[in-house]
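# coords please:
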Amino acid sequence: MACSPNFGVVTKMGFWLMPEPEAGLTGAITAPRHDDIVPLVELFAEMLYRGLIQSQATIVSPVMMDFSDPELSALRFKPGGASAQELDAYAQARKLPFWSLNFTLYGPPQVIQAQWDYLRGRFSAIDGAAFSEDARFAFPLSDDEVDKVVDKTVLGIPNLALFATRSGADAPPLEGHMDFSPVVPMTGAAVLEALNVFGKILHEAGITPLGGLPASYHTRAMNIIYAIPTGRDPETNKTARETFAKLIDAAAERGWGEYRVHPAVMKQAVGAYSYNNHALHRLHETLKDAIDPNGIISAGRYEIWPRHLRESKA
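Next comes the predicted model:
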């Protein structure tokens, strides 16, 4: 591999290796009310498009994403659902922000500070918005400094820390999960609809998703992530798969596809892209035949089978 010492371009592989930034800042912007999600997402999208937030970001809600409080579940999923005012009262009584936008800024310290100042100025348009800094970094970090960082993904360091939270005396007795990851429009209205639709299905199934429910961006869209628990109990797994199928159907009815999906249900998820007699899937098969005529690369992944196996899977 030839590599440019000046720009970090791996010419034969086609990768652009980004230089290490001088500094970083992880921050959060909170909004106090249910309906604040609309301006919060609108401003968030603008900041993404303008390149003022460059990292993956998450929007979380300790109210909309908590399945563990029976009082909250009874309120949210009562006939007709809870009003915004009722949910606001629940959050205010517990001194909880309704929404929290979390992200990391990278670059020269002066530029980061200017970005952070600008973001605070713009998001202050949301009445009651609050701002916090979780950490500041000056690169390169020492090994001791890296060890003290809780979420090492913000440093670009691969790790399995998230999965460590699912073991030990305080963790639920579960061995796995299925990720349900629908992609919805980047609007506050779509986020609310998704959280309500999917939340009701999970509540009716008696399922508590693992690890909360972040709504994050991938390629300029909102990606809602639910980790549905599985284990060694056949009934648990049966319920998980049946519920997963309902979630896929509910998403498809609203025009929402999947970012990624468990192999057990990938045929159903791919089938939701049914426009023009599944034109997209037929295109995938055409590309498969041209690029991998012998069918040796990930045969059947996302229902894209090589020609010699296709008829038996039809």
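# and stretch 248-262, how far apart are its ends?
From its first residue to its last, stretch 248-262 covers 11 Å (C-alpha to C-alpha, to the nearest Å).
# and for it, what's in contact with it?
178-184, 193-194, 197-198, 201, 218, 223, 244, 265, 268-269, 272-273, 302 (C-beta atoms under 8 Å, 6 or more residues apart in numbering). For glycine as for every other residue, the C-beta is placed from the backbone atoms N, C-alpha and C.
# from residue 117, how far off is residue 110?
Distance of residue 110 to residue 117, given as C-beta to C-beta, to the nearest Å: 11 Å.
# make that residue 221, sorry
28 Å.
# and what of residue 201?
Distance from residue 201 to residue 117, counting by C-beta to C-beta: 42 Å.
# ok, residue 64 next?
To residue 117, residue 64 is 30 Å away according to C-beta to C-beta.
# ok, residue 277 next?
53 Å.
# for residue 196, same thing?
Taken as C-beta to C-beta, the span from residue 196 to residue 117 is 35 Å.
# ok, residue 192 touching residue 36?
No - under the criterion of C-beta atoms under 8 Å, residue 192 is not in contact with residue 36, lying 10.9 Å apart.
# name the residue in residue 201 and residue 117 with the higher neighbour count.
Per other C-beta atoms under 10 Å, whichever of residue 201 and residue 117 has more neighbours is residue 201, with 18 against 10.
# quickly find the element holding that one.
In this structure, residue 201 is located in helix 188-205 according to DSSP states H and E.
# what is that helix packed up against?
Counting contacts by 3 or more C-beta pairs under 8 Å, 6 or more residues apart in numbering; DSSP states H and E, helix 188-205 is packed against helix 37-49, helix 70-76, strand 183-184, strand 215-217, strand 222-224, strand 226-230, helix 234-253.
# who's in contact with stretch 78-96?
Contacts with stretch 78-96, where a contact means C-beta under 8 Å, 6+ apart, come from 32-35, 62-64, 71-72, 75-76, 97-98, 196.
# now do stretch 197-212
60, 64-65, 67-68, 73, 76-77, 162, 165-166, 172, 174, 177, 180, 182, 224, 226-229, 239-240, 242-243, 246-247, 250-251, 254.
# show me where this structure has helices.
37-49, 70-76, 84-93, 109-123, 143-148, 161-164, 188-205, 234-253, 266-271, 275-291, 307-313 (DSSP state H).
# for the last one, buried residues please.
The neighbour-count check on helix 307-313 (16 or more other C-beta atoms under 10 Å) flags residue 310 as buried.
# again with stretch 138-146
residue 141.
# could you do stretch 269-289 as well?
Neighbour-count burial for stretch 269-289 [16+ other C-beta under 10 Å]: 269-270, 272, 278, 281, 284-285, 288.
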